[in-house]
Structures are given as structure tokens and as C-alpha cells.
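Novice: sequence and predicted structure below; questions after.
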Amino acid sequence: MQLKMRLGKIGKGEWISGISAILLYVVMSFAWFGVEGSSRPNPLLIDLQASRPGKNAWEALDFISIVLLIAIIVALAGVILRIMDSVERLPIRIDVVVAIVGFVSVLLILLRILDPPTFGTEGFIVFEGTVQPPMFLALLSAAGIAFGGCLAVWEEGIFVSDSA
């Protein structure tokens, strides 16, 4: 009964950002990039092709995966703090932080969609990343974190003036 009452404290924004954070964490384990190899100019003028197994976010992205993990932790911390009734004791609004890290995550994922990484060379073959569908799910999840944070800020009425 008490858990149900505490879950009732969570607003729509926190629900959206929390569920989006869990979904982003799960999607980060799927292959975000296929790895296709094609030949660079070689003395034999032979067109070589190769492929490797796909790479997930943890394998393919250096600091971006860490930023995404921080976004996940912050979004889930916002939900937990709301359940524990500790949100008002913080020096900064956690909902604002959730919205900011959500937007940063969206931008970083968009960057990698537009500019996939290269995964090295073997002889005359260059292995480049090709974007896979789970990456678009990750983009939607990061957008959900940002939207949930913005909605939570709006629900709290932080930026609404009381002088009217």
C-alpha cells in the first residue's frame, strides 16, 4: 500500500524519462553499427569486400556511451528521488538536469547517425560502420529522456511566474 502511494508521487515526466532510460540501457546492448569493409586503392586493382560482426554502443562509442550511461543514471535518480520525497532538498532541480542530459544524448546519437565511426583497417580493407535500426530506437529513447525532463519541469511550474 505504501509503495503504491509513493509511486503516485511520480509525475508523467518522470515516468516518461524513467521508462526511456531503461529502454536506452537495453538498446545499448544491441548492434548499433554493422561493420562493412571495402577496399581502398591497391596495386592489384582488385575490389575487396569483407564484413565483421556488428558493434553495440559499448563497443563502438568511446565517451558517448559514458555520456549515455550518465543520462540513464540521472533520469533514474530523478525518479528515485521523487519516490523518496527528496527532490526539494537538492540545490539544483533534477528535472532540469534530466532534460539537459537528454538533449545532449540526442545530439550525440544524431552525430553518430550522420557520421558513423570507422573500425580500422586490415591490409587494403577499411572497415566502416553502417547505422542499424537499434540506433534509431536509442535516439527515440534519448528523446524520451529529454521530453520527460522537460515535461517534469513544466509539471512543477518552475518557469511559471506567480506575479500575475
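Specialist: Structure's in. What do you need?
Novice: just the endpoints, please. Distance across stretch 57-64?
Specialist: Criterion Cα to Cα, to the nearest Å; first-to-last residue distance in stretch 57-64 is 8 Å.
Novice: so which residues make contact with it?
Specialist: For stretch 57-64, contacts defined as Cβ atoms under 8 Å, 6 or more residues apart in numbering pick out 27-29, 32-33, 65, 68, 108-109, 111-112, 117, 119, 129, 138. In short, each C-beta sits where N, CA and C put it, glycine included.
Novice: compare those residues and tell me which is most surrounded.
Specialist: Of the contacts of stretch 57-64, residue 32 is surrounded by the most neighbours, 31 neighbours in total, counting by other Cβ atoms under 10 Å.
Novice: isn't there a helix covering that residue?
Specialist: No: counting by DSSP: H, G, I helix; E, B strand; the rest coil, residue 32 is located in no helix; its state is strand.
Novice: and the closest residue to it other than its chain neighbours, what does it touch?
Specialist: In this structure, residue 32 finds its nearest non-sequential neighbour in residue 135, 4.3 Å apart by Cβ to Cβ, 6 or more residues apart in numbering. In this structure, residue 135 makes contact with 32, 33, 109, 112, 113, judged by Cβ under 8 Å, 6+ apart.
Novice: the second one contacts residue 55, doesn't it?
Specialist: Yep, that's residue 33 we're talking about. Yes: the pair residue 33 and residue 55 passes the contact test of Cβ atoms under 8 Å, sitting 4.8 Å apart.
Novice: how about the longest helix seen in the chain, which residues are buried there?
Specialist: When the chain is parsed with DSSP state H, its longest helix is helix 133-156. Residues 134-135, 137-139, 141-154 are the ones in helix 133-156 that count as buried (16 or more other Cβ atoms under 10 Å).
Novice: between residue 33 and residue 55, what contacts are shared?
Specialist: In terms of Cβ under 8 Å, 6+ apart, residue 33 and residue 55 are both contacted by the residues 119, 129.
Novice: surely residue 92 is within a helix?
Specialist: No: read with three-state DSSP, residue 92 is coil and lies in no helix.
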